[in-house]
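**Student:** Kindly generate the corresponding structure for this input.
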Amino acid sequence: MSDPLLVRFYQPGSGPRVGIRLGDAVHDVTARAPSLGAWLRASAGRVPDAIADLRRAALETPIVFSTSEFAPAPAADRLHWLAPVDEQEIWAAGVTYERSRVARQAEAIDGGDIYARVYTAERPELFFKAQGWRVVGPGGMVGIRADSRWTVPEPELAVVLNPALEAVGFTVGNDMSSRDIEGANPLYLPQAKVYTGSCALGPGIVLTPAAIWPQTTIRLTIWREGAVAFAGEVSTARIRRTLDELIGYLGRSNTFPDGVVLLTGTGSAECFFSAHGVVWSAVTTRSASGRSSSNSAASSIRSMKSRLPFQLPSSPSESAALTWTKTKSKSESASRTRANLARMSLSGSAVAPGTSSRVIPV
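**Tutor:** I've put the predicted structure just below:
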């Protein structure tokens, strides 16, 4: 039995709803879980039972939608996906992959010695990324700072935690980052990381109790003018920190009464957005395991000038997709988790299969 996928969606006339996606059907469980925050609070100390309750509610509810009914982008008069968060804070861990350490040092004007030190230090880098209401959902628009010449999407595994800091599942995250701003001075990191449209999550949360990383491959593909401009992948086996280690430091002298989402770092690709084009470079790694299978979905990324009160030069149309790829596992439970992660994809913003997203200057 596969792990359920918790989603949030908008229904005209009813507003935000909570659902469980099983295959191509979305079962409305709002009566049982009126919000993600309410469900996370109720799950404390009983995560497996709380997940089982949601599965039963999904099978019992008479309110069921087909995924084909959902609009590819947010629209007030259409059924559409929302980011799978509401009241939660989103935090992020940095320099968790070797590739990330090397890249941050290369970008830093002063040589980036602090990135080498934090990579091996006992205490990890953790920083606040976004409030739940600011997170971009499937088909939405992520942002590029108007004062940045080098902005990158950072595809990451995100772990969802309840107020007891128990992992309830995983989702896909995009930590949009202005690399030139952070590279100029590490103290500029909040400006490089936190701005309008800088965080995207979704399309849903794979509900599964976990104490270790799911052995999953993050694959990123970027299209330009209909052709693949870049393709790369990285395995979560390359994350240096343990899951318990990151969660432990996140919870030191801090509380999250509505739960929290932790982005766990990027290690797959480096990319360059500018007002007139895009250049990509990457160092990728491959899983040492055998055959793998994947299910990818694409999303369009376009530069937009008309949606906000400022102007930038026109940018070319871009598109990209991120796919979780399942690999062999010694654990049947871990295998089920990877199988569900393989159905989740992201680009620019978090997307569900067949949807599109755009990049806007902010």
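
**Student:** and the closest residue to residue 259 other than its chain neighbours, backbone torsions?
**Tutor:** Nearest non-adjacent residue to residue 259, counting by Cβ to Cβ, 6 or more residues apart in numbering: residue 40, 3.6 Å away. Heads up, the C-betas are built off the backbone N, CA and C, glycines and all. The phi and psi values for residue 40, taken as degrees, to the nearest 10, are phi -60, psi -40.

**Student:** change the start of the numbering to 19 and stick with it
**Tutor:** With 19 as the first residue, the last one maps to residue 58.

**Student:** and residue 58, how many neighbours?
**Tutor:** Per other Cβ atoms under 10 Å, the neighbour tally for residue 58 reads 28.

**Student:** Please report how far it lies from residue 206.
**Tutor:** 33 Å (Cβ to Cβ, to the nearest Å).

**Student:** Likewise for residue 189?
**Tutor:** In terms of Cβ to Cβ, residue 189 sits 28 Å off from residue 206.

**Student:** Comparing these two, which shows the higher neighbour count?
**Tutor:** A count of neighbours by other Cβ under 10 Å puts residue 189 above the other of residue 189 and residue 206, at 27 against 14.

**Student:** Give the full set of residues in contact with that one.
**Tutor:** 102, 176, 178, 219, 220, 222, 223, 224, 279, 362, 368 (Cβ atoms under 8 Å, 6 or more residues apart in numbering).

**Student:** List of residues touching the longest helix along the chain?
**Tutor:** Scanning the chain for the helix with the most residues, using DSSP state H, yields helix 65-78. With Cβ under 8 Å, 6+ apart as the test, helix 65-78 has contacts from 21-22, 24, 37-38, 40, 45, 47, 49-51, 57, 60-61, 180, 184-186, 225-227.

**Student:** Just the buried residues of these.
**Tutor:** 21-22, 24, 37-38, 40, 45, 47, 50-51, 57, 60-61, 180, 184-186, 225-227 (16 or more other Cβ atoms under 10 Å).

**Student:** In helices, which of those residues appear?
**Tutor:** 57, 60, 61.

**Student:** Please list all residues in contact with the first one.
**Tutor:** So that's residue 57. With Cβ under 8 Å, 6+ apart, residue 57 has these contacts: 24, 36, 51, 68, 72.

**Student:** In TSV, list these along with pLDDT and distance to residue 197.
**Tutor:** Formatted as TSV, the contacts of residue 57 follow (pLDDT from 0 to 100; distance: Cβ to Cβ, whole Å):
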residue	pLDDT	distance to residue 197
24	98	32
36	98	36
51	98	38
68	97	39
72	97	39
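
**Student:** Pick the one among those residues closest to residue 202.
**Tutor:** Closest approach to residue 202 among the contacts of residue 57 (Cβ to Cβ): residue 24, at 39.4 Å.

**Student:** Show me the beta-bridge partners of that closest one.
**Tutor:** Beta-bridge pairing for residue 24 (DSSP bridges): residue 38, residue 223.

**Student:** if I pick it, what's in contact with it?
**Tutor:** When contacts are counted by Cβ under 8 Å, 6+ apart, residue 24 touches 36, 37, 38, 39, 54, 57, 72, 102, 187, 222, 223, 225.

**Student:** Residue 265: which of those residues is nearest?
**Tutor:** When the contacts of residue 24 are compared against residue 265 (criterion: Cβ to Cβ), the nearest one is residue 187, at 13.5 Å.

**Student:** Would you confirm that that closest one contacts residue 226?
**Tutor:** Yes. Using Cβ atoms under 8 Å, residue 187 is in contact with residue 226, at 5.4 Å.

**Student:** joint contacts of those two?
**Tutor:** residue 21.

**Student:** Count the residues that sit near residue 230.
**Tutor:** For residue 230, using other Cβ under 10 Å, the count is 12.

**Student:** Please apply the same query to residue 262.
**Tutor:** Count around residue 262 with other Cβ under 10 Å applied: 12.

**Student:** other SSEs contacting the helix or strand hosting it?
**Tutor:** For residue 262, the host element (DSSP states H and E) is helix 261-268. In terms of contacts (3 or more Cβ pairs under 8 Å, 6 or more residues apart in numbering; DSSP states H and E), helix 261-268 is packed against strand 143-149, strand 173-179, strand 278-281.

**Student:** could those be laid out in a markdown table, adding mean pLDDT?
**Tutor:** Converted to a markdown table, these look like this (pLDDT from 0 to 100):
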| stretch | mean pLDDT |
| --- | --- |
| strand 143-149 | 96 |
| strand 173-179 | 93 |
| strand 278-281 | 97 |
